[in-house]
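Colleague: Build me a model from this:
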Amino acid sequence: MPWAGSAAALEAVEERLKRDVLKEAASYGGVLLAHEEVAPSHASAEHEAGGLVGVWLQVDEDSVKTVREVYEDFAHQGWKVEYHRLRPASVTRAAAKMDADWLLLI
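Modeller: Numbers count the residues shown, from 1 in each chain. Below you'll find the predicted structure:
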């Protein structure tokens, strides 16, 4: 699905997704059903390499983060990172020249 919204709108979607994940996990005792790809070294008669297998993941407020929160955590740990979000480009919205100009200023 192409994204045509602003960077702020995308961050709001990420925040809602985080809340939804935590709410769903809470309803299952702190776990969330996810799917992982079976590595060739773990293939078996039951699970072929490249196939998907369901796994329950323990999640909490510290393990579910938005992109902004990940960068903030790295900065807090002493990494020299900065978080910048451009307006997302998509099939319906090409990157504008001012987006590229803004990148050069970072």
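
Colleague: Count the residues that sit near residue 25.
Modeller: 20 (other C-beta atoms under 10 Å). Every C-beta, even on glycine, is put in place using the N, C-alpha and C of the backbone.

Colleague: what sits against it?
Modeller: 31-32, 59-60, 64 (C-beta atoms under 8 Å, 6 or more residues apart in numbering).

Colleague: Next SSE downstream of the helix or strand hosting it?
Modeller: Secondary structure assignment for residue 25, by DSSP states H and E: helix 7-27. Sequence-wise, the next helix or strand downstream of helix 7-27 (DSSP H and E) is strand 31-37.

Colleague: buried ones in that next one?
Modeller: Across strand 31-37, burial judged by 16 or more other C-beta atoms under 10 Å covers residue 32.

Colleague: quick one on the thing from earlier: looking at the contacts of residue 25, which one is closest to residue 14?
Modeller: residue 64 (10.5 Å; C-beta to C-beta).

Colleague: residue ranges with poor pLDDT in the protein?
Modeller: Low-confidence regions of the chain, defined here as pLDDT under 70, cover residues 1-5, 87-91, 93-100, 102.

Colleague: re earlier: next, the angle from the helix holding residue 25 to strand 31-37.
Modeller: With axes from the mean of the first three to the mean of the last three C-alpha atoms, to 10 degrees as the basis, helix 7-27 and strand 31-37 are set at 110 degrees to each other.

Colleague: hang on, the earlier thing: so which of the contacts of residue 25 comes closest to residue 51?
Modeller: Nearest member of those to residue 51, counting by C-beta to C-beta, is residue 32, at 20.2 Å.

Colleague: one step back: could the contacts of residue 25 go into a markdown table alongside distance to residue 10?
Modeller: Converted to a markdown table, the contacts of residue 25 look like this (distance: C-beta to C-beta, whole Å):
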| residue | distance to residue 10 |
| --- | --- |
| 31 | 27 |
| 32 | 22 |
| 59 | 22 |
| 60 | 24 |
| 64 | 17 |
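
Colleague: which SS state does residue 57 fall under?
Modeller: strand (DSSP: H, G, I helix; E, B strand; the rest coil).

Colleague: Return the residues in contact with it.
Modeller: Taking C-beta under 8 Å, 6+ apart as the criterion, residue 57 is in contact with 31-34.
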